[in-house]
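Student: I would like to see how this sequence folds:
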Amino acid sequence: MIACHSTNDTELFRRISIGDELAFKEYFHLHKVELFKVIIRLTKSQALTEEIIQEIFIGLWVSRQHLSKVEDPAAYLYRILLNKTATYLKKEVNQERIIRAASLLYKQPGNNNTEQAIEAKEYLQWIEKALDQLPPQQRIVYQLSRQQGLTNDEIAGQLHISPHTVRSHLAKAMGFIRTYLGDIAMVLALVAEFMHPKQ
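Tutor: The predicted model follows:
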């Protein structure tokens, strides 16, 4: 079980819920070691543990407005940990075979295609997660524009809305995605600093 810092955690959750980055960093540093110990016991993999910790803290930060209503932060964090870990372990079983096959394709000395492909894939996955949180009309407009390459006029015709409405939806969608990716970058930097400290 996650160690209980109940009074402190409740106050940190309240501050995080109003966007206090310092409180978020303090909460991360308070729990990073115990989270790591619990997750690595379950996964037996440092890479997977790092990924799960990233997911946990990205989830906390992105949906931070709900944290002020959490009555038991330790139980809340533990539940998220178990859910994320279970999801990743199920996914790993299915993906291991695919990853092994993919790694054989790129096993060439001095070739960083694999690394670039993984980075590009991760970036696209974060964008997909951001898109999942958009209102339906904004998501459709973004996908038609950025993923299918349609012009604003073509999108307007297809969706039976004005080009001005298309521009408005696109601007809002891109603004949200930029903010979402910025939030993620802050969390990833924190996790990377913990997992790979500079000597």
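Student: Is residue 19 within a helix or a strand, and which one?
Tutor: Under the criterion DSSP states H and E, no helix or strand holds residue 19.
Student: residues touching it, list them.
Tutor: Counting by C-beta atoms under 8 Å, 6 or more residues apart in numbering, residue 19 touches residue 64. From N, CA and C alone the C-beta is placed, and that goes for glycine too.
Student: can you pull out the helices in this structure?
Tutor: 6-17, 21-43, 46-62, 73-105, 113-132, 136-142, 152-159, 163-195 (DSSP state H).
Student: Outline the domain layout of this protein.
Tutor: 1-105, 112-185 (automatic domain parsing).
Student: Residue 142 touches residue 170, doesn't it?
Tutor: Yes - with contact defined as C-beta atoms under 8 Å, residue 142 counts as touching residue 170 (6.4 Å).
Student: quick one: low-confidence parts of this structure?
Tutor: For the chain, the stretches flagged by pLDDT under 70 are 1-7, 91-123, 196-199.
Student: one step back: using a markdown table, lay out the helices of the chain together with mean neighbour count.
Tutor: Below are the helices of the chain laid out as a markdown table (neighbours: other C-beta atoms under 10 Å):
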| stretch | mean neighbour count |
| --- | --- |
| helix 6-17 | 18 |
| helix 21-43 | 17 |
| helix 46-62 | 19 |
| helix 73-105 | 13 |
| helix 113-132 | 13 |
| helix 136-142 | 18 |
| helix 152-159 | 16 |
| helix 163-195 | 16 |
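Student: end to end, how far does stretch 130-146 reach?
Tutor: Its first and final residues considered, stretch 130-146 spans 14 Å by C-alpha to C-alpha, to the nearest Å.
Student: Just give me how far that stretch sits from the chain centre.
Tutor: Stretch 130-146 sits 17 Å away from the centroid of its parent chain (C-alpha atoms, centre = their mean, to the nearest Å).
Student: Contact partners for residue 58?
Tutor: Taking C-beta under 8 Å, 6+ apart, one finds 183, 184, 187, 188 in contact with residue 58.
Student: now residue 171
Tutor: Counting by C-beta under 8 Å, 6+ apart, residue 171 has no contacts.
Student: Residue 192: which of the domains of the chain is closest?
Tutor: Proximity to residue 192 (C-beta to C-beta) singles out domain 1-105 among the domains of the chain, at 8.2 Å.
Student: Could you count how many residues lie near residue 149?
Tutor: Residues within reach of residue 149, counting by other C-beta atoms under 10 Å, total 8.
Student: now residue 160
Tutor: Count around residue 160 with other C-beta under 10 Å applied: 6.
Student: for it, phi and psi?
Tutor: According to degrees, to the nearest 10, the main-chain angles of residue 160 amount to phi 60, psi 50.
Student: just to revisit the earlier point, going by distance to residue 80, which of the contacts of residue 58 wins?
Tutor: After measuring these against residue 80 - C-beta to C-beta - the closest member comes out as residue 187, at 13.7 Å.
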